[in-house]
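> got a predicted structure plus its sequence, pasted below:
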Amino acid sequence: MLLRFLPFLLAAFSLSAQSDWNDPFPPHRIADNLYYVGSKGLSSFLITTSQGHILINPSFERTVPIIRANVEKLGFRFTAVKILLNSHAHADHAEANALIKELTGAKLYVMQGDEKVVESGGEGQYLYKGGWKPCKVDRVLNDGDTVTLGGVTLTAHLTPGHTRGCTTWTMKATDRGTAYDAVIVGSPNVNPDFQLVNNKDYPQIAADYARTFRMLKALPCDIFLAAHGSEYRMAEKVALMHGHPSRNPFVDPTGYRSYVEQREQSYLNRLKQQSR
């Protein structure tokens with residue numbers, strides 16, 4: 001009986017055992033109205049506007065006190081969050097959707113492919129299934145849809161594979177009078193326990209990843225961000241920022257291209273290995 005459930009136990013462990021996911025991290029400004037408010041290991045981004053704020057990734061329920069404290073340290077009201085977005089429907093990024101909605105009254109927008117997973121509390125997801133509070137989705141997004149609040153517009157790009165509705169967000173961000181293309185990558189990671197070949201639960205997973213890499217390589221990117229700070233060297237860039245550089249360290253198009261290339265190569269290697 002234990003062997004039957006072992007894959008699910010391992011999957012749950014991999015989503016809860018990261019050592020820095022619960023560690024506080026100082027909130028910081030990335031560009032004029034774009035801020036980091038997450039924990040050390042789980043990225044949450046706040047986009048402020050004149051009509052309220054947008055929060056990307058509420059993370060775990062236990063992460064919410066960190067997010068709330070960080071928003072308030074920056075001088076903003078947590079209850080002014082009007083729109084809640086996700087990068088993808090895994091518990092480490094979406095578990096607290098219902099709690100954030102309850103605390104702020106925010107509307108939740110989710111990409112098609114992940115909306116049923118969110119509304120069922122994780123059921124129906126490939127591999128990482130269930131265990132969190134269901135949350136009503138107020139708007140189902142399609143690839144290319146825009147989300148606008150207070151003069152700020154984000155574009156939702158479907159980048160599936162990691163989940164069916166994995167979403168990469170893009171927006172224009174200004175810093176020191178210069179406009180930049182900001183990209184918040186959903187996730188192109190092929191987790192160690194993912195099956196790319198003959199996957200009965202997610203038959204199109206390999207093709208979805210291939211689509212994602214085509215999309216990511218086509219996006220213009222100046223400011224590179226991701227669902228986990230380590231993926232874009234967040235701590236290192238914050239340290240550089242505190243040194244008062246003449247150039248914003250989050251402006252990193254080379255790092256973005258290298259990251260996408262590395263993740264694509266990892267995907268191709270896994271696909272080749274599993275196809276033998």
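Received the coordinates, thanks.
> do a quick rundown of the strands in the stretch 51-200 of the chain.
For the stretch 51-200 of the chain, the strands defined by DSSP state E, counting those that start in this stretch cover 52-56, 81-85, 107-111, 139-141, 146-149, 152-158, 167-175, 178-185.
> tell me which of the ones you listed lies nearest to residue 214.
Closest to residue 214 of the strands of the stretch 51-200 of the chain, according to Cβ to Cβ: strand 152-158, at 11.0 Å. Every residue, glycine included, has its C-beta placed from N, CA and C.
> can you give me the buried ones in that closest one?
Residues of strand 152-158 classed as buried: 152, 154-158 (neighbour count, 16 or more other Cβ atoms under 10 Å).
> same deal with stretch 101-113?
Within stretch 101-113, the residues that count as buried by 16+ other Cβ under 10 Å are 101, 104, 106-113.
> next: stretch 245-264.
By neighbour count on 16+ other Cβ under 10 Å, the buried set for stretch 245-264 is 248-252, 255-256, 259-260, 263-264.
> ok, now stretch 200-213?
202, 205-206, 208-213.
> now do the contacts for residue 263.
Residue 263 sits next to 188-190, 213 when contact means Cβ atoms under 8 Å, 6 or more residues apart in numbering.
> show me how far the top helix by length along the chain is from its chain's centre.
Secondary structure of the chain per DSSP state H: the longest helix is helix 253-274. Centroid displacement of helix 253-274 relative to its chain, using Cα atoms, centre = their mean, to the nearest Å, is 18 Å.
> dump that helix to CSV, keeping only the CA atoms.
Taking C-alpha atoms only, helix 253-274 is exported to CSV below (Å, rounded to 0.1, in the frame of the first residue of the first chain):
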residue,chain,number,x,y,z
PRO,A,253,19.2,40.2,-20.5
THR,A,254,22.2,38.0,-20.7
GLY,A,255,21.3,36.2,-17.5
TYR,A,256,17.8,35.6,-18.9
ARG,A,257,19.1,34.2,-22.2
SER,A,258,21.5,31.9,-20.3
TYR,A,259,18.8,30.7,-18.0
VAL,A,260,16.4,29.9,-20.8
GLU,A,261,19.2,28.1,-22.8
GLN,A,262,20.2,26.1,-19.7
ARG,A,263,16.7,25.0,-18.9
GLU,A,264,16.0,24.1,-22.5
GLN,A,265,19.1,22.0,-22.6
SER,A,266,18.1,20.2,-19.4
TYR,A,267,14.7,19.5,-21.0
LEU,A,268,16.3,18.1,-24.2
ASN,A,269,18.6,15.9,-22.2
ARG,A,270,15.8,14.5,-20.1
LEU,A,271,13.7,14.0,-23.2
LYS,A,272,16.5,12.1,-24.9
GLN,A,273,17.2,10.0,-21.9
GLN,A,274,13.5,9.0,-21.4
